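I would like the atomic coordinates for the input below:
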Amino acid sequence: MDATTPADALALWIASAGSEGPGGYEGVADPRPELSASDLALWEELIREQCGLHFPDTRKRSLGRGLWQRMSLQGLTRYQDYYNRVAPLPAHDPERRALAEALANGETSFFRHKPSFKVLSSRVLPALAEERRRSGGPKSITLWSAGCSSGEETYSMAMAALTCPELHDFSVTVLGTDLNRRALYKARQGHYPARALAGVPDAYRRRFFVRSSSSSEEGVYSVNDELRSSVRFEVLWLNAPASGLLPWQDVIFCQNVVIYFRDDTRGDVVERLGHSLAPDGCLFLGPGEMVGVDVPGLRAEWADGCVIHRRSRPVAPEQP
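Below you'll find the model as predicted:
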């Protein structure tokens, strides 16, 4: 096969790399040009304005891969040429949005950070249910998976809530948001290969998944109606001001997401997440994210291997 276009060259290199490792087949070179320091500086500012993501020198290969994915489809071979085409476009332009999706890290899995889900199930949800009953509040719990990618975290949160004994008579609603529309389409479909369910407890797998295909060696599993009915997915950019305008949430997971933002954007994003928390609501970030950083209105609590950021309850004014 002769690679006659940048897209052809990329397809050939991906196919060979997938078979023979990073180097691909002998004689098949990586078609991507080297991303220079000047290219990196040029794109860093534009990407920060578009979606807030940060690409230091250590993530230069990831940036180059995402840029090449888009520019090769347009027959371009120079990062400068693609920049000249994209930079004048408005932020809502389809190509700008497609580039942001290509650059977003979509790595995820079911119950990815087990200590967080243990604390959610054994401490946070029971305490929320107890407080709701004590105060006579509505028997409903709302949870938000921010940066949910293909939905594994969202469904994990829903399974934790639906199996919490203290919530047996509560309604459970879990929102999953992401900027990547293709990932959200997969999340809404709710179909996962068996290997993706490796971290799902057997009891949860039996209750919430059905085998939907036997055509492949390992099979495909789909979320069932009980689990599907408790979740919904929407497009949302966490660096946009609208991300702080959601109704109050009792629990927010945003793990291994804000670490990819610039320091100044990271603080703004977490502050917006905090504004979306109900009083005494809990924000779960990834391990090491925002360590030592104070966020107005949130207090950090250590619990069984993870840090919870809890929204402080307003102090009632003293009576005269």
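
are we agreed that Ala91 is in a strand?
No - assigned with DSSP: H, G, I helix; E, B strand; the rest coil, Ala91 falls outside any strand and is coil.

residues contacting it?
Residues near Ala91 by C-beta atoms under 8 Å, 6 or more residues apart in numbering: Glu49, Gln50. To be clear about C-beta, it is placed using only N, CA and C from the backbone, and glycine gets the same treatment.

state the distance from it to Leu99.
For Ala91, the distance to Leu99 equals 11 Å [C-beta to C-beta, to the nearest Å].

apart from its chain neighbours, what residue comes closest to the residue nearest to the spatial centre of the chain?
A centroid search over the chain (C-alpha atoms, centre = their mean) returns Gly147, at 2.4 Å, as the residue closest to the centre. Closest residue to Gly147 apart from its sequence neighbours, by C-beta to C-beta, 6 or more residues apart in numbering: Val257 at 3.6 Å.

likewise Ala160?
In this structure, Ala160 finds its nearest non-sequential neighbour in Ser121, 4.8 Å apart by C-beta to C-beta, 6+ apart.

let me see the contact set for the one you found.
Ser121 is in contact with Ala160, Thr163, Cys164, counting by C-beta under 8 Å, 6+ apart.

report pLDDT for the second one.
Confidence per residue is given as pLDDT, and for Thr163 that number is 97.

what number of residues lie near it?
Residues contacting Thr163 under the criterion other C-beta atoms under 10 Å number 16.

so it makes contact with Tyr204?
Yes - counting by C-beta atoms under 8 Å, Tyr204 is a contact partner of Thr163 at 7.0 Å.

ok, and the closest non-adjacent residue to Ala187?
If you skip the residues right next to it in sequence, Ala187 has Gly151 as its closest partner in space, 2.8 Å away by C-beta to C-beta, 6+ apart.

worst-scoring helix or strand of this protein, pLDDT-wise?
The helix or strand of the chain with the poorest confidence is helix 6-20; it has a mean of 41 (mean pLDDT, DSSP states H and E).

now do the same contact list for Arg85.
Gln74, Leu76, Glu95.

the first one against Tyr82, yeah?
Yes - assessed by C-beta under 8 Å, Gln74 is found in contact with Tyr82 at 7.2 Å.

tell me which of these two has more neighbours.
More crowded of Gln74 and Tyr82, by other C-beta under 10 Å: Tyr82, with 21 against 13.

do you know how far the residue nearest to Ala187 is from Gly137?
Distance of Gly151 to Gly137, computed by C-beta to C-beta: 29 Å.

the more surrounded of the two?
Using other C-beta under 10 Å, the more surrounded residue of Gly151 and Gly137 is Gly151, with 26 against 11.

measure the more buried one to Phe253 for me?
According to C-beta to C-beta, Gly151 stands 12 Å off from Phe253.

how is this structure divided into domains?
Domains of the chain are assigned by automatic domain parsing as 32-103, 114-311.

looking at those, which is buried most?
Neighbour counts (mean count of other C-beta atoms under 10 Å) averaged over each of those peak at domain 114-311, with a mean of 18.

please save the CA atoms from stretch 181-192 in CSV.
Once non-C-alpha atoms are left out, stretch 181-192 reads as follows in CSV (Å, rounded to 0.1, in the frame of the first residue of the first chain):
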residue,chain,number,x,y,z
ARG,A,181,-19.6,13.7,21.7
ARG,A,182,-18.4,10.4,20.3
ALA,A,183,-17.5,9.2,23.8
LEU,A,184,-21.0,10.3,25.0
TYR,A,185,-22.6,8.3,22.2
LYS,A,186,-20.8,5.2,23.4
ALA,A,187,-21.9,6.0,27.0
ARG,A,188,-25.5,6.3,26.0
GLN,A,189,-25.3,3.0,24.1
GLY,A,190,-24.0,1.3,27.3
HIS,A,191,-22.3,-1.6,25.5
TYR,A,192,-19.0,-2.8,26.8
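
and the contacts of that stretch?
Residues contacting stretch 181-192 (C-beta under 8 Å, 6+ apart): 101, 106, 148-152, 154-155, 176, 178, 209, 212, 220-223, 227-228, 233-235.

now it, how far from the centre of its chain.
Computed by C-alpha atoms, centre = their mean, to the nearest Å, the chain-centroid distance of stretch 181-192 equals 13 Å.

nice, that's everything, thank you.
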